[in-house]
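Engineer: Test case, fold it:
(2 chains)
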Amino acid sequence: MSDTHAQTVSYVRETMIDEQVPPVAEAGVIKWVRANLFSGWLNIFLTVISLYVVYLALSLVLPWAFGGVWNAGSLTECREVLFSFYKSSHGGACWAVIEDRWLQIMFGFYPPELYWRPISAFALFFVALAPVLFAEKVPNQLIWFSFAYPFIATWLIWGGAFWVPVLVAIGFVIGALVLKGLGKIVGPVVANLGAVVAALFWWGAIMGPINDGLNQMIGAGRLESTLARLQEEVDRLPREVIAMEKISDEKAVGIAAALDVKNGLLQAMLDIRIEEFSIGSQIEPKEIALRRLVGAEESLENLVAILNEWDGDPTPATDAPQADVSKAQYASDRATGLIQDASNLLGDAIADIENDTVEPSVVFTNMVTAAGIADPLILTDVDALVSKATLIDPLTVLQVRSTGITLQSSVDEIGSVRAEIVAVIVSLDADIAILNGIQDRIVVSIEDGLVEPQAALLRQMARLSALRDDASVVAQDSFRISSAQSDGRNFLSSLMSLPDQEASLNDLQERTVSLRDALPRNQRGLIAVSQLPADANNDEEAALSSYLDAKNDELSTQASISATYAELGSVGLRPVDSRKIGGFMLALIIGIAGIVLSLPLGILLALGRQSHLFIVNKICVTFIEVIRGVPLIVWLFTGSLLLNYFLPPGTNFDLLLRVIIMVTLFAAAYIAEVIRGGLAALSTGQYEGADSLGLSYWQSMQLIVLPQAMKISIPGIVNTFIGLFKDTVLVVFIGLSDPIGFSNLIRADTDWNGIYWELFVFIGALFFLFCFSMGRYSLYLEKKLQREHR
Amino acid sequence: MTTLIDPPKISFRLSQLIYDTRYRSITIQVIASILLIAGIYWLVNNTIQNLAALGKDFDFGFLTQPAGYDINQRLIGYTSQSSHGMAALVGILNTLLVAFLGCLLATVLGVTAGVLRLSNNWVVSRLMAVYVEGFRNVPLLLWIIAIMALMTEGMSRIREFRVGGDAGMILNDSVAVTNRGIYIPSVILENGFMTSSAMNWLVLLVILMISLFFVRGVRKRSDAVQEDTGVRPTTWYKQLIILVIPVGLVMVLMGAELQYPELRGFNFSDGIHLRNSLIALWLALSLYTGAFIAEIVRAGILAISKGQSEAAFALGLRPNRTTSLVILPQAMRVIIPPLISQYLNLTKNSSLAIAVGYMDVRSTLGGITINQTGRELEGMLLLGAFYLVLSLTISGAMNVYNNRTQLQER
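Structural biologist: You can find the predicted model right below:
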């Protein structure tokens, strides 16, 4: 044993060999490529296919996207410029439409001078979000700002008096106070009910009169000064309008001049491009003729082959064997056909050259201007080549000779015709080659010559679009002033009539009361004549209808008085109508409002669905399943068409608000299911543990269950939010102008009629940006909240 | 010696309804039901008042009145004289058609993309990631109208198909891709056994069903043989013969032949015309849902622990057998439930047909019928009920499947 060891030990290596450099194929990039891309026949196939797909997509998209035009006033202008640059009107994108309309796609018809309001609302959104998203990095007090944010944002976007959001917020504060106060006395169930009732009472009965009162108070104090100011404005504004119009006329003159310069440049370049095509039109008919000649030559060749093979009598004797006769018949048929073919093809070739070749003289004059200056030799070359006569004469002779060929013609005779055709083919081929060479030279000289005009054209178009922007600013100013003027006039007249209206209101009220008293008791609550019982007589009908008319009069007078006071007493930001909100701003408003409102509702629904209380459980299950079972678009139509049926008669509110309600309900049902998944994923030990600690239901939910369930549900919640944000585009179908609706509006403009891809790409890219970053954030959050395996 | 003393019996007091957890649930439920009934009463009462004010009644009689509008794509007989109910039925069939086609294509795309995204091949997996992220993060509506624009703006006009035009039919002159849609050949049965062509197709379907039944029999037999002997007999050719021969024979007997689309005048005739609206909706739905399905498939495959495939390799199974016998059966259990919910989403998303003018149930019943009769309440209720019933049916079927394939835990 030890002997063996002693013998072998001398073979034990004492120093290690230096590490060798791995073979080239087993290291670095090459190894990676081999292992990942070309490891088997399937992988090779997939790699090649994918690379081809990538190449195809990039070769289509990149030239289009990067060869686009950024400054143009309309699609036609865009196409002209593209044609003058790339010889094709569809070679590049017309990004000018984005340059022209991106503000609209972002903000809709929101007044441009007020853009700072939605922008600051959006920026504040992130401040409000900070305590929720990055809880450990920001001071705790910031959460109060998050609570106040919805009111601040609403006020910023819609404008109006600052006290309206404050009054609404007070409702929540009252609810919270009642909950806290009552909760100690009568327990949570009654306290919750009491809080809801108190808040509803505040919003329904007290808030409106307070608002009106504040408006009236401020309005009454301002009446005199406002009247004076309006009078002064109505006098002054027309003068300003006239001044603006003068400026705008001057701008128009400047634009027209710049447009002329641009059109001149463009026309020169277009002419050059058209000439380039004219040399092509010399070549094309010749190429076609060449193909026909080759065909004719082939026909004759086949004819010779048949004649050689079939070395018989064209008209075999009647007593010849049947097989010979039919063979002869077939051969002679084919031969006759071939002769006919050859003759026809020759005729077609002549016709091609005769009809389709552009007159040389026209081409000449054009080319002199375009390319001849740079390369005078072109002219002499073309001179010799474009003449028709040199080609048509021999062809005509050939055609005559080919018609002379019959089945009895000797092979030699046919051969000579063939040889002549071949000679013409060779010369035609040479001509085409020379023409192609000339075309290349012309193209080169034109491309060189076009660089400077192209740059000049781009400069001119940038200047033009700057001028246009200038003019549109002036036009907007002028529009604003003239609408301020007409608003001022209207407001002035309603202020003038205010005392009369206030005086007549009392009379109207008295009249309504007396008419109402005249009605039978059971009809006093009716709101329409059609609700009268069928046996009502004409007098009753007339009485009811005159009462309803009087009531309407009273209500409308009251509404107009309070509207006048609201305008007179308006404090704070200029109100903006919901109809003016559109584009991405609309999508963001609906999306964010839906997300913020649906989360608490979804949590409540999920808890309700988990609840052991039979009725609560069934209500929640029905609600969730019904909402989820029907597409959002049907809900949106329900919101716009049917919501008025379900609310008390005469209620009518903003379409945008209806959409937000429907979207919130819709998203809440989905969120409820996601959170239910999270709740179900928790082990029962968590629930039992909370119970054994003696926590009440809400305490255990708040402190133990929901934090864990929410953590599990985060990916699902974010996915629901992404889906909700994408679904906001569906509002286009009920008449709101979201980004896609705006793309339709832009296309309705004659300037941009027919533009698709640029808008789609822009809108799609913005949506992608939002949704993709939300998805990434959810991944980050998932990682951050993962406590188990670190 | 301890004596068991009964806990003091406290007589019921009213405050227990609030403070005692035993009774509180009853209080809450009673309050909830009162609120629910009050809410429903309020809504119904408002609706009745509003309907009365508008002079309308609540009546489904309009479903039997003549519709008076045409539907350009119909799977069953329909003219403008047919009733509104018939129009709704045509719309329902169109919805089901695009949903069915969409589910098929979306599954193919999704499974392909999901599997390829897990591939070791960097280029392929990146490409699939781009596809998935690109389609998932952009609204479906945008894809639908983009594909519609591609079809109407990007394809050749029909006049370009005339002799000497730039465009030509593809696939051996059998398919024409035009800006008005795609024309494909149709199969006609020249001398069928039955009078109507629908009946003939039904006969073929029945024969196919019978063949499938026999194929199942063959499979069961080979299963039994495998159980007995351990060797599975080769039966694929038997199955193929049973499946193909009877149907093929009957089709030949019926004189089946392909009818190619042909350009006559200003339009193609014969063959089947797939409208742009159908194609745009179908492709967009499939591509969009396919991206989601790809993620589901990927998650399903990743959910199978690596030990499973390693164990299969250790047993000497080849990679494709490992996939088909070990990975997929387990992954399916994870994949199927979300997959079905994607099918549901696709079906509901097919209501976006409005963007391209495809005549689905929302466009007929929920669109033109409502506009013509002014019955928005009834129409929307029926529309909602249709989608609800469809969703509940599919999710019910899903639950049955789930219960059948659930892991049998011991």
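Engineer: ok, how many other residues are close to residue A:732?
Structural biologist: Here the number of neighbours of residue A:732 (other Cβ atoms under 10 Å in any protein chain shown) works out to 23. No exception for glycine: its C-beta is placed from N, CA and C like everyone else's.
Engineer: Roughly how far does it sit from residue B:35?
Structural biologist: Look at residue A:732 and residue B:35: by Cβ to Cβ, to the nearest Å, they are 36 Å apart.
Engineer: tell me which strands and helices the longest helix seen in chain A is in contact with?
Structural biologist: Taking DSSP state H as the criterion, chain A has its longest helix at helix A:207-309. Counting by 3 or more Cβ pairs under 8 Å, 6 or more residues apart in numbering or on different chains; DSSP states H and E, the packing neighbours recorded for helix A:207-309 are helix A:75-86, helix A:163-186, helix A:322-356, helix A:360-367, helix A:389-404, helix A:411-496, helix A:538-568.
Engineer: I'd like to check the angle between the longest one and helix A:538-568, please.
Structural biologist: It stands for helix A:411-496. Angle of helix A:411-496 versus helix A:538-568, following axes from the mean of the first three to the mean of the last three Cα atoms, to 10 degrees, is 90 degrees.
Engineer: just how off-centre is helix A:411-496 within its chain?
Structural biologist: Averaged C-alpha coordinates place helix A:411-496 at 26 Å from its chain's average position (Cα atoms, centre = their mean, to the nearest Å).
Engineer: Kindly report the residues of the stretch 151-300 of chain B close to chain A.
Structural biologist: Within the stretch 151-300 of chain B, the positions near chain A by Cβ under 8 Å from any Cβ of the partner chain are residue B:153.
Engineer: Would you mind listing where the chain has pLDDT under the threshold?
Structural biologist: The chain I'm using is chain A. Across chain A, the ranges flagged by pLDDT under 70 are A:1-10, A:87-89, A:274-281, A:310-325, A:354-390, A:407-408, A:442, A:445-446, A:530-531, A:787-790.
Engineer: Wait, chain B was what I had in mind.
Structural biologist: Counting by pLDDT under 70, the ranges of chain B that qualify are B:1-10, B:18-19, B:162-168, B:171-172, B:192, B:265-266, B:406-410.
Engineer: how does it divide into domains?
Structural biologist: Annotated domains of chain B cover B:16-53, B:84-185+B:260-405, B:191-253 [automatic domain parsing].
Engineer: With mean neighbour count added, can I get the ones you listed in a markdown table?
Structural biologist: Formatted as a markdown table, those follow (neighbours: other Cβ atoms under 10 Å in any protein chain shown):
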| stretch | mean neighbour count |
| --- | --- |
| domain B:16-53 | 14 |
| domain B:84-185+B:260-405 | 18 |
| domain B:191-253 | 13 |
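Engineer: Could you export these to TSV, including columns for distance to residue A:634?
Structural biologist: Shown next, in TSV, are these (distance: least, Cβ to Cβ, whole Å):
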stretch	distance to residue A:634
domain B:16-53	18
domain B:84-185+B:260-405	6
domain B:191-253	31
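Engineer: quick one on the thing from earlier: what's the most buried one of the helices and strands packed on helix A:207-309?
Structural biologist: helix A:75-86 (a mean of 20; mean count of other Cβ atoms under 10 Å in any protein chain shown).
Engineer: Can I get that helix as CSV, trimmed to CA atoms?
Structural biologist: Output of helix A:75-86 as CSV, limited to C-alpha atoms (Å, rounded to 0.1, in the frame of the first residue of the first chain):
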residue,chain,number,x,y,z
LEU,A,75,-51.4,67.8,-44.4
THR,A,76,-51.2,68.9,-48.0
GLU,A,77,-48.3,71.1,-47.3
CYS,A,78,-46.6,68.3,-45.5
ARG,A,79,-47.1,65.9,-48.4
GLU,A,80,-45.7,68.5,-50.8
VAL,A,81,-42.6,69.0,-48.7
LEU,A,82,-42.1,65.2,-48.3
PHE,A,83,-42.4,64.7,-52.1
SER,A,84,-39.9,67.4,-52.8
PHE,A,85,-37.5,65.6,-50.3
TYR,A,86,-38.0,61.9,-50.9
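Engineer: Compute the inter-axis angle for it and helix A:411-496.
Structural biologist: Inter-element angle recorded for helix A:75-86 and helix A:411-496: 140 degrees (by the same axes, to 10 degrees).
Engineer: so where do the strands sit in chain B?
Structural biologist: B:176-178, B:181-184, B:186-189, B:256-259, B:262-264, B:267-269, B:272-275 (DSSP state E).
Engineer: okay, now residue A:111: neighbour count?
Structural biologist: That count, for residue A:111 with other Cβ under 10 Å as the rule, works out to 13.
Engineer: and the gap between it and chain B?
Structural biologist: Distance of residue A:111 to chain B, given as Cβ to the nearest Cβ, to the nearest Å: 27 Å.
Engineer: related to what we said a few turns ago, okay, the angle between the longest helix of chain A and helix A:322-356?
Structural biologist: 130 degrees.
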